[in-house]
Each structure stands twice: as structure tokens, then as C-alpha cells.
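[1] 3D, please:
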Amino acid sequence: MSDAYETFERLLREHKVTPYRVSKATGITTATLTSWKQGKYTPKQDKLQKIADYFGVGIEVFVGSQTSNSPIPTWATKKDERDFKKLLEEDTEIMFDGVPLTQEDKQRVMDVLTGLFWEAKQMNKRKKNPSDDK
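    Next comes the predicted model:
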């Protein structure tokens with residue numbers, strides 16, 4: 001079972017709802033949710049977004065559990081979070097030297113991008129407000 005599915009199960013418990021109810025509300029089949037639980041399927045960003053919207057949370061609760069062990073920094077604004085979400089939602093095939101990357105390699109790239117994204121955002125904020133570092 002993936003970290004993202006464990007997050008889904010936690011949200012189910014917190015909101016006291018069943019996968020069936022989420023399925024009906026989002027249009028995602030129960031078979032899809034079952035396959036996800038069994039590790040046979042990994043939902044794409046659009047389905048994760050529907051689930052996140054249903055629970056009233058950001059998609060990063062799922063994506064973050066897949067791409068990084070560190071949460072979104074406390075200094076991040078809502079715009080920063082939207083920018084990050086947009087970066088993660090870009091569904092382009094990643095290649096190196098003309099060869100598509102494996103899922104494991106893609107995960108490593110996403111981990112690096114996550115760290116670099118937040119580091120760059122923080123550096124830009126410091127440049128705009130140099131007095132904050134004192």
C-alpha cells in the first residue's frame with residue numbers, strides 16, 4: 001500500500017466516510033480505489049485532485065507523500081503552494097539521453113525538483129526582504 005493511499009485512508013477515517021461515498025461524489029470507480037489500495041494502480045494528478053477537493057485539502061497531501069518526506073515549508077504562501085502544485089501536475093514524459101526514465105528514476109527527479117523548488121522560493125523571498133534574515 002502506497003503512502004498516498006495511507007493518506008487517503010486517514011482522510012476517510014477523519015471524515016468518517018467510506019471509499020464508496022468518495023467514489024460516488026468524485027466519479028472515480030470503486031474498482032479504481034481498490035486497485036490503488038492493492039498497489040495495482042497509481043492515480044494520476046486529476047484523480048488525486050478530485051479526491052483532495054472532496055476532502056477539502058490540497059493535492060500536496062497525496063503528492064507530498066509520494067515525492068518528499070518534508071512538508072511544505074511554513075513560510076510558503078498559498079501562491080507558492082499553487083506554483084508547486086502546477087509544477088507537479090505537469091504530466092510530461094521525462095527522458096534522459098532519449099530513453100524514458102523508469103518510475104523509480106522519475107521519483108528521484110521529483111524529489112530533487114521538490115527540494116530545489118522550495119530552496120529557490122526561499123532564496124527569492126530573502127532577496128525581496130533582506131532585513132528578515134537578521
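
[2] longest single helix anywhere in the chain?
    What stands out as the longest helix in the chain, according to DSSP state H, is helix 103-128.

[3] What count of nearby residues applies to D97?
    The local packing of D97 (other C-beta atoms under 10 Å) involves 4 other residues. C-beta coordinates here come from the backbone N, C-alpha and C atoms, glycine included.

[4] Quickly list the domain ranges of the chain.
    1-58, 68-134 (automatic domain parsing).

[5] Out of those domains, which one sits most buried?
    Across these, averaging neighbours per residue (mean count of other C-beta atoms under 10 Å) puts domain 1-58 on top, at a mean of 15.

[6] Which parts of the protein are helices?
    Using DSSP H, the helices of the chain run over residues 3-15, 19-26, 30-37, 45-55, 60-67, 78-89, 103-128.

[7] JSON lines for the ones you listed, including mean pLDDT and distance to M95?
    Formatted as JSON lines, the helices of the chain follow (pLDDT from 0 to 100; distance: least, C-beta to C-beta, whole Å):
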{"stretch": "helix 3-15", "mean pLDDT": "89", "distance to M95": "25"}
{"stretch": "helix 19-26", "mean pLDDT": "95", "distance to M95": "32"}
{"stretch": "helix 30-37", "mean pLDDT": "90", "distance to M95": "27"}
{"stretch": "helix 45-55", "mean pLDDT": "89", "distance to M95": "19"}
{"stretch": "helix 60-67", "mean pLDDT": "62", "distance to M95": "19"}
{"stretch": "helix 78-89", "mean pLDDT": "75", "distance to M95": "18"}
{"stretch": "helix 103-128", "mean pLDDT": "76", "distance to M95": "10"}
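
[8] how about these in CSV, adding distance to D97?
    As requested, the helices of the chain are arranged in CSV below (distance: least, C-beta to C-beta, whole Å):
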stretch, distance to D97
helix 3-15, 30
helix 19-26, 39
helix 30-37, 32
helix 45-55, 26
helix 60-67, 23
helix 78-89, 23
helix 103-128, 12
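
[9] closest one to F96 among these?
    Ranking the helices of the chain by proximity to F96 (C-beta to C-beta) places helix 103-128 first, at 7.7 Å.
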